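Q: dropping a prediction and its sequence here:
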Amino acid sequence: MDIVNSAQKQNFINIGWFLVMLILVTIVQIPLAFLSRGASWQRGLWAVVYAAGFLVAIAIGLWIYRRIVPGKWQRLTGQDWRLMVKGYVFMMVVEMSLNIVNMLVFKETSTKNNDLIATILGKSPLSLIMLSLTAVLASPVLEELTFRGILVSGCFSKERFWLPIVASGIVFSLVHQSDNLISWLIYAIMGGTFAYVYRKTGKLQTTIFMHGFNNLIAMLLMVTTIR
C-alpha cells in the first residue's frame, strides 16, 4: 500500500512539474512581441531576455527530466536512426495530405500557427534571426523535454504505451493554436509520432533531432517565401 501511495504521490508531483513546464513553454515566447518595437537598445535587450528565457526554461526542464529519468543519455543506434527517418517520412506524408484537405475544405494554404510565425518573421530582421534560431535550436529541446520527456515518462507508467502517445499528441496540438480540425490533426499526429519514437527508443534525443530538423525545413520555406 505504501509503495502504491508513493507512486501515486510521485505521479501527481510529475503532473505538477509538467504544468510548470507548460507555462514556461508559453512564457518564453512573450519577448517576441517586443523585438520589433522601440529603440535599438530596447530591441537588443528583449533579444537577450528572449534567449535567456529559453536557457532558463531548458535548464529547469533538464533538471526535472533527470529526476524522472535518471542515468546517462544513451548513444543513438542505427535502428534508432531508421525509426527516426520512418517517423519523419510518415509525418510528412500525413502533413502534405492533410494540407491538401485543409485547402479544399477550409481554403487555408497554411496552419494558423505557421501564419503567425511567418508574420513575426516579417516584422524585423531581429525577429527573423531570433525566432529562426530558437525554432531550430531551442524550441525542439524545450518542447521535447515537456511534451515527451516529462509528460510521457513522468505522468504515465511504463506499462502504458498508446495512452501517453495519444495524450502527448493532443496536448502538443492544443498549444499550437489551430483554428480548425484539420490543422489540429496535423499537430496532434506530429506530436503523437514524436511520442511513439520516444516510447520505442527511450531516448529523448531522437525526437529532439526530428523536431529540430522539421522546424529547420519549415523555417527555410518560410524565410524563402518572405524574401
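A: Nice, I can see it.
Q: where do the helices sit along this structure?
A: 2-27, 40-68, 78-106, 112-121, 125-133, 139-144, 151-155, 162-174, 181-201, 204-226 (DSSP state H).
Q: can you pull the pLDDT of residue 82?
A: Predicted confidence (pLDDT) for residue 82: 98.
Q: tell me, how many residues neighbour it?
A: Look at residue 82: counted by other CB atoms under 10 Å, it has 10 neighbours. Placement of C-beta: from N, CA and C, glycine included.
Q: list the contacts of the residue nearest the centre of the chain.
A: In the chain, the centroid-proximal residue (CA atoms, centre = their mean) is residue 143; its distance is 3.4 Å. If a contact means CB atoms under 8 Å, 6 or more residues apart in numbering, then residue 143 has 25, 172, 211 as its contacts.
Q: and it, what pLDDT?
A: Value for residue 143, per-residue pLDDT: 98.
Q: and the gap between it and residue 210?
A: Applying CB to CB, to the nearest Å, the value for residue 143 to residue 210 is 11 Å.
Q: neighbours around residue 33, how many?
A: For residue 33, using other CB under 10 Å, the count is 12.
Q: let me redo that: residue 76
A: Residue 76, neighbours per other CB under 10 Å, totals 15.
Q: my guess is it meets residue 204, correct?
A: No: taking CB atoms under 8 Å as the definition, residue 76 is not a contact partner of residue 204, at 10.9 Å.
Q: just to revisit the earlier point, ok, of the contacts of residue 143, which one's closest to residue 16?
A: Distance to residue 16 across the contacts of residue 143 (CB to CB) is lowest for residue 25, with 15.1 Å.
Q: pull the contacting residues for the closest residue to residue 24 other than its chain neighbours.
A: Among residues not flanking residue 24 along the chain, residue 57 sits closest, at 4.3 Å (CB to CB, 6 or more residues apart in numbering). Applying CB under 8 Å, 6+ apart to residue 57 gives the contacts 21, 24, 25, 27, 28, 142.
Q: any chance of JSON lines for the residues you listed, columns distance to residue 84 and neighbour count?
A: Converted to JSON lines, the contacts of residue 57 look like this (distance: CB to CB, whole Å; neighbours: other CB atoms under 10 Å):
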{"residue": "21", "distance to residue 84": "23", "neighbour count": "24"}
{"residue": "24", "distance to residue 84": "26", "neighbour count": "19"}
{"residue": "25", "distance to residue 84": "23", "neighbour count": "18"}
{"residue": "27", "distance to residue 84": "30", "neighbour count": "12"}
{"residue": "28", "distance to residue 84": "26", "neighbour count": "23"}
{"residue": "142", "distance to residue 84": "19", "neighbour count": "24"}
